[in-house]
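Novice: need a structure here:
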Amino acid sequence: VTADHGLVDIQSDCSYGLHLNHPLLNCLKALPSGEPRTPHFHIKDGKIAEFKQHWSEMVGDEMILVNQHEAACLKLFGTDRFSHMAKKRFGDLIGIAIKPIVIDCLSDSNNEQKMIGRHGGMMPEEVRIPVLLFNGD
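Specialist: Here you go, the predicted model:
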């Protein structure tokens, strides 16, 4: 018996909302995809440095930011190389939560975080998956 994945509780003050006027969004071709604890970013041409500056100001060291090559080398999404379709979906940069935070795309500041338990980051509670073995004896 094994579990699927773990969860971490996210407090409401640890949710970074990307509102429509957030400067980070000016660097993107589209809204982030992926999970709120592993957002994928498709960056406009020539905007990577600006994106990284806004990113650093917003999350500091609570999430790491990797490109596709780094994610593949670290085998964060499996042991196989990314297919052409996966490369298109992952975007240019991927945020990976290492602390209990999320990046939520919100249309306005009145939205509240509905889910407390989240997954997709790299905290031990999320990546250590229990296994129970029984040999029948």
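Novice: contact partners of the longest helix seen in the chain?
Specialist: Counting residues, the longest helix found in the chain (DSSP state H) is helix 48-59. Applying CB atoms under 8 Å, 6 or more residues apart in numbering, the contact partners of helix 48-59 are 16, 23-24, 26-28, 41, 43, 65, 92-93, 95, 101, 103. C-betas here are computed from N, CA, C, even on glycine.
Novice: Can you give the distance from it to the centre of its chain?
Specialist: Its chain's C-alpha centre and that of helix 48-59 lie 15 Å apart, by CA atoms, centre = their mean, to the nearest Å.
Novice: Show me which residues of that helix are buried.
Specialist: Buried residues in helix 48-59, counted by 16 or more other CB atoms under 10 Å: F51, H54, W55, M58, V59.
Novice: what's the answer for stretch 121-137, then?
Specialist: G121, M122, M123, E126.
Novice: Which pLDDT value belongs to the last one?
Specialist: I take that to be E126. If you check E126, the pLDDT there is 76.
Novice: do the one 3 residues further on as well
Specialist: Listed pLDDT for I129 reads 75.
Novice: what does D61 give?
Specialist: 90.
Novice: helix or strand for it, which one?
Specialist: Following DSSP states H and E, one finds D61 outside all helices and strands.
Novice: residues contacting the spatially most central residue of the chain?
Specialist: Geometric centre of the chain, nearest residue: T38, 1.1 Å, by CA atoms, centre = their mean. Going by CB under 8 Å, 6+ apart, T38 touches I94, G95, I96, A97, G120, G121.
Novice: need the contact list for the third one.
Specialist: For I96, the contacting residues are R37, T38, M63, I64, L65, V66, L76, G121, M122, taking CB under 8 Å, 6+ apart as the criterion.
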